[in-house]
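Undergrad: Predicted model follows, preceded by the sequence.
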Amino acid sequence: MASSPDQPQTPEGSTPEPGAAVRRKAGRHRGEGQWAMGHFTPLNANEQTKKDDDGLNVRARIETVYAHRGFDSIDGADLRGRMRWWGLYTQRRPGIDGGRTAILEPEELDDRFFMMRVRIDGGRLTVAQLKVIGEISQEFARGTADLTDRQNIQYHWIRIEDVPEIWRRLEAVGLSTTEACGDTPRVVLGSPVAGIAADEIIDGTPAIDEINERFIGSKEFSNLPRKFKTAISGSPLLDVVHEINDIAFVGVEHPEHGPGFDLWVGGGLSTNPKLGVRLGAWVPLAEVPDVWAGVIGIFRDYGYRRLRTRARLKFLVADWGAAKFRQVLQDEYLKRELIDGPAPEQPRQVWRDHIGVHRQQDGRYYVGFAARVGRIDGATLSKIAELAEGHGSGRLTTTTDQKMIVLDVEESRVESLTAGLEALDLQVTPSPFRRGTMACTGIEFCKLAIVETKARGASLIDELERRLPEFDEPVTININGCPNSCARIQVADIGLKGQLVTDADGQQVEGYQVHLGGGLGLDPGFGRKIRGLKVTADELPDYVERLLTRFGSERAAGERFAQWAARADEEALS
C-alpha cells in the first residue's frame with residue numbers, strides 16, 4: 001500500500017508537528033484535523049487520547065495490571081477509550097432510566113462489567129470455535145451471547161479479571177477481539193455462503209483473509225478518525241448490506257475481465273445517514289486488499305478529525321464526490337489507474353438472509369435459521385455446535401441479519417437437523433416477523449440507549465404472530481434504542497428509533513419515532529418520517545398490526561411494503 005507522500009507514518013501514535021502551512025476551510029477558524037493537510041495537533045479529547053498512546057497498546061496493561069488489580073485500577077482514558085481496540089466497552093449500570101442517558105457523566109453510567117465483542121470476519125465459524133464461544137458465555141458472561149447484525153457475537157457481564165483467560169481460549173481456536181471496536185478497521189463482512197452458494201459470482205474469502213493477515217492489529221491503521229466498516233461479497237443477493245459500509249466490494253461479472261468486484265465507498269447510517277456511492281471501478285480478487293488499504297489510507301490521512309460527528313468517511317466522500325475520491329485513490333495510493341466496470345444487478349428476491357434450506361454447489365445443503373432478534377445464550381450455542389457437528393462438516397456462519405447457518409449438510413440429514421434446531425426454538429421456516437425483526441442491544445446494557453429493544457422486539461414478534469397468522473409478505477422491523485441506528489432503522493420497512501414520548505396521560509414513557517419504507521437491495525433508500533408520528537412502547541403491537549393490515553388491504557398486486565409506504569398518505573401510515 002502506498003501512503004500519501006506528504007503523510008509521515010506514525011505507527012506509535014506520536015505524530016510530529018510539521019511547519020507546513022495549514023489549508024483552512026472557508027468559514028471555519030480551524031482545519032478539520034486532516035493529517036494530509038498538516039493538521040497533527042489533536043482537536044478533541046479522543047484524538048489526544050489516541051496520540052498519547054495507540055489503543056493496541058492497552059492489551060499489555062490489561063494483562064499485566066488491570067486483570068490483577070481489578071476494575072478500580074483502570075486508567076480512565078483506557079477504560080472509556082483504548083480498551084475498545086480490544087473489543088471491550090463498559091456496559092450500562094443497572095437501574096438508570098433512559099431519561100438520564102444524556103445527562104449523567106460517563107463514570108455515573110459505567111457498570112463494573114464489560115461488553116466484549118468477538119470478531120468473526122466473513123461470519124465464518126467452526127464447531128470447535130462455536131463450542132468455545134458457548135463455554136466462555138456460560139463460564140464468564142452469565143450465559144449471554146448475542147448475534148449482531150455485523151456477524152459478530154457479543155458477550156455481557158465480563159469482568160476485567162477474566163479477560164486474559166477469555167482471550168487465551170478464543171485465540172487458541174483462531175478467534176479474537178482485536179479491533180472489534182474503536183477507531184479501527186472493524187470486522188470485515190462477508191457472504192455467509194461464500195464458496196458454496198450455487199449462484200455465487202465470485203468468492204471473496206481470500207481477500208477477507210489477506211486483509212486480516214496484513215492489516216488487522218497493525219498500527220498502520222490503528223488510529224483512524226473513527227470506525228471503518230468493510231463488506232466483501234460475491235453473492236448476487238447483495239447479502240452484506242454493502243450500501244451502508246465505508247467500503248464495499250460487490251461481486252460483478254465484467255464483460256471483458258470476468259468475475260470481480262464493483263467498488264463502493266462512503267456509506268453509513270447513524271444520525272446523518274448516507275448510502276455508499278460507486279466509484280465505477282472493477283477490482284479483481286487479487287487486488288482487493290491493496291485497494292482496501294488505499295481507501296482506508298485516504299480515510300486515515302484525509303478524514304476529518306476535528307468533530308466526532310463528522311469523522312466518518314461518508315462526510316469526506318460527500319464533500320469530494322466520487323470522481324475526486326477515485327482520482328486521489330489512483331494517484332496518491334495505488335499509483336495506477338483502476339479498470340472501469342459495471343454496476344451490480346438488482347437482487348432477484350427481497351430476503352437476503354439465506355434462511356431456509358438451500359442447495360450448495362457440491363450438491364449438499366446449507367440450512368439457515370432464526371433466533372428472536374439475535375438474542376441467544378451460550379448453552380444454546382453449544383447445542384447448535386453439536387447439531388452442526390452431527391449433521392454437517394463442522395462449518396457454520398453468521399449473517400448480517402442476526403441469523404446463523406449450518407453448512408455442508410447431506411440431503412438425508414436436512415430433516416433431522418431442522419427438527420433439532422426447531423426443538424431449540426431456532427426456526428428454519430420462520431414467520432416474516434421472526435425473520436424480519438432486528439434489535440440493537442438497548443437500555444439493558446448500552447450506555448447510549450434510551451429504551452428497551454431486545455425484549456420489546458421478542459414480544460412484538462410473538463404478538464404479531466398471534467394477531468396476524470396469515471400474513472406472509474416480506475417485512476423488516478428494526479428496533480433501535482437511540483438515534484445511532486446500530487439496528488439500521490432508516491433502511492427498514494418499519495424502523496423504530498427509541499426515545500421518550502408523551503402518553504395519553506401526559507407522562508413521559510418509552511416509545512419510538514417511526515421511519516417507514518426504507519430499504520436496501522431492491523428498494524435502496526431511507527424511510528419516511530411522518531410528522532409527529534411517535535408510538536409508545538405499549539402501543540407498538542397495535543400500531544404495527546394496524547399498519548400491516550392497511551398494507552394488506554391497499555397494496556397493488558405484487559407491491560412491496562416499501563413501495564406502498566412511499567405512496568400511501570400520512571393518514572394510512574399513522
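TA: Happy to help now that I have it. Model, not experiment: these values are computed from the prediction.
Undergrad: Around residue 97, how many other residues sit close by?
TA: Neighbour count for residue 97, taken as other CB atoms under 10 Å: 12. For the C-beta atoms, the positions are set from N, CA and C on the backbone; glycine is no exception.
Undergrad: ok, so what distance separates it from residue 134?
TA: Distance, residue 97 to residue 134, using CB to CB, to the nearest Å: 33 Å.
Undergrad: Determine the number of other residues adjacent to residue 109.
TA: Neighbours of residue 109 (other CB under 10 Å): 18.
Undergrad: Ignore what I typed, I meant residue 210.
TA: The burial count for residue 210: 16, using other CB under 10 Å.
Undergrad: Let me see the contact set for it.
TA: If you count contacts by CB atoms under 8 Å, 6 or more residues apart in numbering, residue 210 has them with 288, 289.
Undergrad: Residue 441 too?
TA: 115, 146, 154, 449, 453, 454, 481, 486.
Undergrad: Strands - which of those land there?
TA: 115, 146, 154 (DSSP state E).
Undergrad: how about low-confidence regions in the stretch 151-300 of the chain?
TA: Applying pLDDT under 70 to the stretch 151-300 of the chain flags no residue at all.
Undergrad: quick one, strands of it?
TA: For the stretch 151-300 of the chain, the strands defined by DSSP state E, counting those that start in this stretch occupy 153-158, 185-190, 228-233, 247-254, 258-265, 277-283.
Undergrad: now the angle from the third one to strand 247-254?
TA: Put plainly, it is strand 228-233. Interaxial angle of strand 228-233 relative to strand 247-254 (axes from the mean of the first three to the mean of the last three CA atoms, to 10 degrees): 20 degrees.
Undergrad: Would you map the strands across the stretch 401-550 of the chain?
TA: 403-409, 437-439, 477-480, 494-502, 508-516, 528-536.
Undergrad: Now the residue nearest the centre of the chain: closest residue in space that isn't a chain neighbour?
TA: In the chain, the residue lying closest to the centroid (CA atoms, centre = their mean) is residue 150, at 3.5 Å. The shortest distance from residue 150 to any non-neighbouring residue, by CB to CB, 6 or more residues apart in numbering, is to residue 187 (5.6 Å).
Undergrad: and the one you found, what does it touch?
TA: Counting by CB under 8 Å, 6+ apart, the residues that residue 187 touches are 119, 120, 121, 150, 151, 152, 180, 230.
Undergrad: Please report how far it lies from residue 174.
TA: Distance check for residue 187 against residue 174: by CB to CB, it reads 14 Å.
Undergrad: still on that earlier bit, for residue 537, find the nearest of the strands of the stretch 151-300 of the chain.
TA: strand 153-158 (21.7 Å; CB to CB).
Undergrad: sorry, back to before: how close does the residue nearest to the centre of the chain sit to residue 250?
TA: Counting by CB to CB - residue 150 and residue 250 are separated by 17 Å.
Undergrad: if we can go back for a sec, how about the strands of the stretch 401-550 of the chain in TSV, adding distance to residue 226, mean pLDDT and mean neighbour count?
TA: Shown next, in TSV, are these (distance: least, CB to CB, whole Å; pLDDT from 0 to 100; neighbours: other CB atoms under 10 Å):
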stretch	distance to residue 226	mean pLDDT	mean neighbour count
strand 403-409	28	98	25
strand 437-439	23	98	29
strand 477-480	19	98	28
strand 494-502	21	96	23
strand 508-516	23	96	21
strand 528-536	25	92	15
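Undergrad: Which one, of these, ends up nearest to residue 58?
TA: strand 477-480 (29.0 Å).
Undergrad: Identify the residues contacting that closest one?
TA: Residues from elsewhere that reach strand 477-480, judged by CB under 8 Å, 6+ apart: 373, 433, 436-440, 442, 453, 456-457, 460, 486-489, 491-498, 512, 544.
Undergrad: who's in contact with residue 46?
TA: Residue 46 makes contact with 81, 183, 308, according to CB under 8 Å, 6+ apart.
Undergrad: For the stretch 151-300 of the chain, which segments count as helices?
TA: Remark: helices assigned in the stretch 151-300 of the chain by DSSP state H, counting those that start in this stretch are 163-172, 205-215, 288-302.
Undergrad: Distance check, the nearest residue to residue 340 once chain neighbours are set aside against residue 348.
TA: Nearest residue to residue 340, sequence neighbours excluded (CB to CB, 6+ apart): residue 280, at 5.7 Å. Residue 280 sits 24 Å away from residue 348, going by CB to CB.
Undergrad: more neighbours, the two?
TA: More crowded of residue 280 and residue 348, by other CB under 10 Å: residue 280, with 16 against 10.
Undergrad: want to try a markdown table for the contacts of residue 46, with distance to residue 237 and neighbour count as columns?
TA: A markdown table is the format used below for these (distance: CB to CB, whole Å; neighbours: other CB atoms under 10 Å):
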| residue | distance to residue 237 | neighbour count |
| --- | --- | --- |
| 81 | 38 | 21 |
| 183 | 31 | 28 |
| 308 | 34 | 15 |
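Undergrad: Which single one of these is nearest to residue 257?
TA: Using CB to CB, residue 183 is the member of the contacts of residue 46 that lies nearest residue 257, at 35.4 Å.
Undergrad: wait, what's in contact with the closest one?
TA: 46, 50, 55, 223, 224, 225, 226, 227.
Undergrad: returning to what we had before: nearest to residue 104 among the contacts of residue 441?
TA: residue 449 (12.8 Å).
Undergrad: which phi and psi does the residue lying closest to that closest one once chain neighbours are set aside have?
TA: Using CB to CB, 6+ apart and skipping the chain neighbours, the partner closest in space to residue 449 is residue 481 (3.3 Å). Dihedral pair for residue 481: phi -80, psi -10, per degrees, to the nearest 10.
Undergrad: Contacts only, for residue 481.
TA: Residue 481 makes contact with 440, 441, 442, 443, 446, 448, 449, 450, 451, 452, 453, 498, according to CB under 8 Å, 6+ apart.
Undergrad: so which of these is the most crowded?
TA: Ranked by the number of neighbours (other CB under 10 Å), these place residue 453 first, at 31 neighbours.
Undergrad: Not counting sequence-adjacent ones, nearest residue to that one?
TA: residue 442 (3.1 Å).
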